[in-house]
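>>> Fold the stuff below for me.
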Amino acid sequence: MSWLYFQKDEFKIGWSFLLMNRVNIKNQESERVLVLKNLQEELNKNHKHNLDLLARHFGERKDAANARLSDIDDGGFTLRWESGEKKEAEDMSFAFRSKKNTNADIMREISDLVGQARKALNEKEESDLEKTYKTKRALAFELDNKSAVITAVLLGLGAYASLYGNPLPFGFLDLIFSQSMSTKILKLTAIVHAFETVVAFGVCRVARAAFPEEMTDRDERLWLINTFIFGVSSSIPLVKKTFKAFGGRD
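Numbering: from 1, shown residues only. This next block holds a predicted model:
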């Protein structure tokens with residue numbers, strides 16, 4: 001009997017985990033749908049001319065107007081526009097080259113299409129969507145400047161106190177930390193920052209494997225160098241951006 005109860009309990013636990021997993025997947029899918037809807041609204045509101053370019057070139061309708069995205073998902077999007085004297089509605093579906101996981105991926109591919117349309121229609125000025133895309137790399141280097149300045153000042157004062165024994169005009173430092181204590185703090189800071197740099201390297205490797213187009217070699221070098229110098233002022237923005245990338249948000 002005890003064996004039978006154990007089997008029943010085991011079944012209940014397994015079923016509970018299965019239900020929880022289904023709920024999590026459902027929540028993630030709902031969240032992704034909402035993110036894509038927001039992206040669709042942004043494109044329709046802020047990039048109307050660029051969508052007209054797509055309709056005029058790929059739809060082969062030189063008089064196309066009022067183009068907008070009627071649908072979008074990770075696999076592609078549907079563009080709808082009006083053309084002709086009667087303003088007849090037409091639409092065309094575009095498939096992405098591969099399934100997209102982030103808004104930056106989607107912006108990149110749509111902006112590439114806009115660039116092709118712009119050149120084909122002999123528009124010399126780079127479109128606003130192409131310009132926007134350049135700022136959309138999800139894992140581009142970004143330092144928390146305020147935190148970095150504070151860290152730099154503290155490191156500078158610590159190094160000064162360690163090397164010169166708190167002479168004027170910073171003699172007040174001796175009231176806080178002795179020269180030997182300042183040296184120990186600097187060494188501990190270097191160890192902590194080195195550890196953070198190792199962690200940042202691991203994060204960069206994982207992020208680049210998952211999103212190779214979102215981080216350049218230069219970005220990775222800057223993340224690592226600045227993490228070693230400024231610590232959390234660099235490592236925290238990196239972790240936050242990586243979480244956002246995996247969450248499918250910009």
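
>>> any idea which helix or strand carries D91?
strand 88-95 (DSSP states H and E).

>>> And for N38?
Following DSSP H and E, one finds N38 within helix 2-46.

>>> what mean pLDDT does that helix have?
Averaged over helix 2-46, pLDDT sits at 65.

>>> Quick one: the strands in the protein, in order.
65-73, 76-83, 88-95 (DSSP state E).

>>> Now do the last one: which elements does it pack against?
Yep, that's strand 88-95 we're talking about. Under the contact definition 3 or more CB pairs under 8 Å, 6 or more residues apart in numbering; DSSP states H and E, strand 88-95 sits against helix 48-58, strand 76-83. C-beta: built from backbone N, CA, C; applies to glycine.

>>> picking that back up, can you list contacts of the strand holding D91?
Strand 88-95 is contacted from outside by 54-55, 58-59, 61, 64, 70, 75-83, 113, using CB atoms under 8 Å, 6 or more residues apart in numbering.

>>> Adjacent strands (with direction) for that strand?
strand 76-83 (antiparallel) (DSSP bridges).

>>> relative to helix 48-58, how tilted is the partner strand?
Put simply, strand 76-83 runs at 90 degrees to helix 48-58, going by axes from the mean of the first three to the mean of the last three CA atoms, to 10 degrees.

>>> on that earlier part again, for S162, which of the strands of the chain is the nearest?
Closest to S162 of those, according to CB to CB: strand 65-73, at 56.6 Å.

>>> which other residues reach the closest one?
When contacts are defined by CB under 8 Å, 6+ apart, strand 65-73 is touched by residues 36, 39-40, 43-44, 48, 51-52, 54-55, 77-83, 87, 91, 106.

>>> Please list only the buried members of these.
Buried subset of those (neighbour count, 16 or more other CB atoms under 10 Å): 36, 39-40, 43, 51-52, 54-55, 77, 79-83, 106.

>>> Would you check those residues and say which has the weakest pLDDT?
The lowest pLDDT within the buried ones among the contacts of strand 65-73 belongs to I106, which sits at 83.

>>> I'd assumed K99 was in contact with that residue.
No - judged on CB atoms under 8 Å, I106 makes no contact with K99 at a distance of 10.4 Å.

>>> residues shared between the contacts of these two?
Common neighbours of I106 and K99 (CB under 8 Å, 6+ apart) are D74.

>>> Just want the most central residue of this structure.
A138 (2.7 Å; CA atoms, centre = their mean).
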